[in-house]
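Novice: Just a sequence and a predicted model for now, questions to come.
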Amino acid sequence: MNFDTKNINGIFVFLLFSTVFVFWTVGLVWVLSLYSIGVLIKSKKVIKQKVLSADFKTHIMPLVLILISGFLFLNMVVRDGYDINRLGLALGLLFAVPIYYNIVIYGISEKLVVYSLYAVSIVGGLAGLYEYFVLYNKRVGTIFSAMVFGLIGSLLVSILMIRIVTQYHQLNRNQLILTITSLVFAVSILLVSNSRSAYLFLVLFLIFIFFYIGAWRIKRYLVSFSLIFFLIIASTFVFKESIIVKRFSTAILTSQAYLSGNSDIKSSSTIRFEMWMAGFSAFKLNPVFGVGDVKAVDVISQISKDRNYHKSITGERHLHSDYFNALARFGLVGLFLYLSVYLVALYNIHRARVLSVSAKLSCFSYVIGYLVFGLTTTNYSYVLSQILIFVGIPMLVAWIKHLEMESETS
């Protein structure tokens, strides 16, 4: 392997993704960022040719990152004060900018990215199975929460399934065996996490892919999707006594009763309803900028006490929803800035002609995944999810920009 910038970028990505379940990845992000700054300092001529000469809208992602960082810093200065978590996120957004431009200019080794997916699936699967069967933990999260563990597992399942279905005839025997093996371990991550959000994403994303690519027009796709949907439906009957099926059943029954007016029924689902309603009430106190990250805890606690919501809501640091959380703490401005990361990425993926079907769907999976996860959890409350969103998504967009520049040059 040549140790040029493209391959070094690939090595960093391999390390970032392959170690997420067994190693703290924050340090790797800082090292990649500092390396990127060094690379950019030596690349003044290339920057002028490939970046500064581009249209403003070509590189809007760094502007989004800077705006979110500035907004967070302003909140800290004006009303929230400083602590390590808020400061780390605001600085991390800025440090994602040189990473973005490094990949725009030099690209990234796609082979190493694919191998990182294999590695994280196998490492995560083994860690999950060990915790489930040896340590007898029925909702596995390894060094993170079960929710985060399951969500990443569902992303891996979707990306690896896409690779098998769309590239089956292009993969050699060893690649196919490795992809199938990795998929089995990714499925095991999903199973031992017992995360409902992870399963919800998979079903919604399969429906999205089916209509986006017009799967009914291609026999191989139609057969594949039919088989997958059949397995999903059949598994709910075969494993009806499993934890995840019971969690879904409980969620549906208690939600129906709660929405029908029986507020005495409490479950994880109904408590989330109460969190969201409390968050929306807090948002209405300051719709433009929210009530602030620090003050939100006291405001939501008081609203919960006044309305006799579940006692666990008082003192909660998040509202189990990115969107209600952003509205309550940062208002419409904060929500718009947060969603801008996703909207810019989705726009670039959709319009990209340089991506194969497999690559485009995999990119969609990554971005849409965190959008769906945000419905029922707070991604940016977890450092790992902050990295995978505010560093991972800009890297994805930067890679697309790099491929487009390569295409134009050739």
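Specialist: Received it, and whenever you're ready, just let me know what you need. Residues are numbered from 1 along each chain as shown.
Novice: Distance-wise, check L375 relative to L327.
Specialist: 13 Å (CB to CB, to the nearest Å). Where C-beta positions appear, they are placed from N, C-alpha and C, glycine not excepted.
Novice: Spell out which residues are contacts of both of those two.
Specialist: Common contacts of L375 and L327 (CB atoms under 8 Å, 6 or more residues apart in numbering): none found.
Novice: Look at these two and report which has more neighbours.
Specialist: L327 (25 against 17; other CB atoms under 10 Å).
Novice: my guess is that one meets G279, correct?
Specialist: Yes: between L327 and G279 there is a contact under CB atoms under 8 Å: 6.5 Å.
Novice: measure L126 to V192 for me?
Specialist: From L126 to V192 the distance is 11 Å (CB to CB).
Novice: So between the two, which is more surrounded?
Specialist: Taking neighbours as other CB under 10 Å, L126 and V192 compare with V192 leading, 28 against 15.
Novice: Against which helices or strands is the host helix or strand of the more buried one packed?
Specialist: V192 is part of helix 173-193, with elements assigned from DSSP states H and E. Applying 3 or more CB pairs under 8 Å, 6 or more residues apart in numbering; DSSP states H and E, we find helix 173-193 packed against helix 110-133, helix 146-167, helix 196-212.
Novice: most tightly surrounded among those?
Specialist: Of all these, helix 146-167 has the most neighbours on average by mean count of other CB atoms under 10 Å, namely a mean of 24.
Novice: phi, psi of the residue lying closest to L32 once chain neighbours are set aside?
Specialist: In space, and not counting its chain neighbours, L32 is closest to F12: 4.5 Å by CB to CB, 6 or more residues apart in numbering. The phi and psi values for F12, taken as degrees, to the nearest 10, are phi -60, psi -50.
Novice: Please apply the same query to V354.
Specialist: Dihedral angles (degrees, to the nearest 10) for V354: phi -90, psi -10.
Novice: from memory it sits against L403, does it?
Specialist: Yes: using CB under 8 Å, V354 is in contact with L403, at 4.2 Å.
Novice: Lowest average confidence across helices and strands of this protein, where is it?
Specialist: Counting by mean pLDDT, DSSP states H and E, the chain has its least confident helix or strand at helix 44-47, which shows a mean of 70.
Novice: Just say helix, strand or coil for R353.
Specialist: coil (DSSP: H, G, I helix; E, B strand; the rest coil).
Novice: quick one: it from K266, how far?
Specialist: Counting by CB to CB, the gap from R353 to K266 is 51 Å.
Novice: more neighbours, those two?
Specialist: K266 (15 against 8).
Novice: who's in contact with that one?
Specialist: Contacts for K266 (CB under 8 Å, 6+ apart) come out as 254, 310.
Novice: quick one: it from G10, how far?
Specialist: Here the criterion is CB to CB. By it, K266 lies 48 Å from G10.
Novice: tell me, how many neighbours does I303 end up with?
Specialist: 21.
Novice: Contact partners for the closest residue to Q386 other than its chain neighbours?
Specialist: Nearest-residue entry for Q386: Y380, 5.3 Å, with adjacent residues in sequence omitted and distances by CB to CB, 6+ apart. Y380 is in contact with 89, 322, 325, 338, 386, 389-390, counting by CB under 8 Å, 6+ apart.
Novice: mind redoing it with 10 Å?
Specialist: 89, 318, 322, 325-326, 338, 370, 374, 386, 389-390 (CB atoms under 10 Å, 6 or more residues apart in numbering).
Novice: Under a three-state scheme, what state does it occupy?
Specialist: Of the three states, Y380 takes helix under three-state DSSP.
Novice: Tell me, how many residues neighbour K219?
Specialist: Residues contacting K219 under the criterion other CB under 10 Å number 9.
Novice: Fine by me, we can end here.
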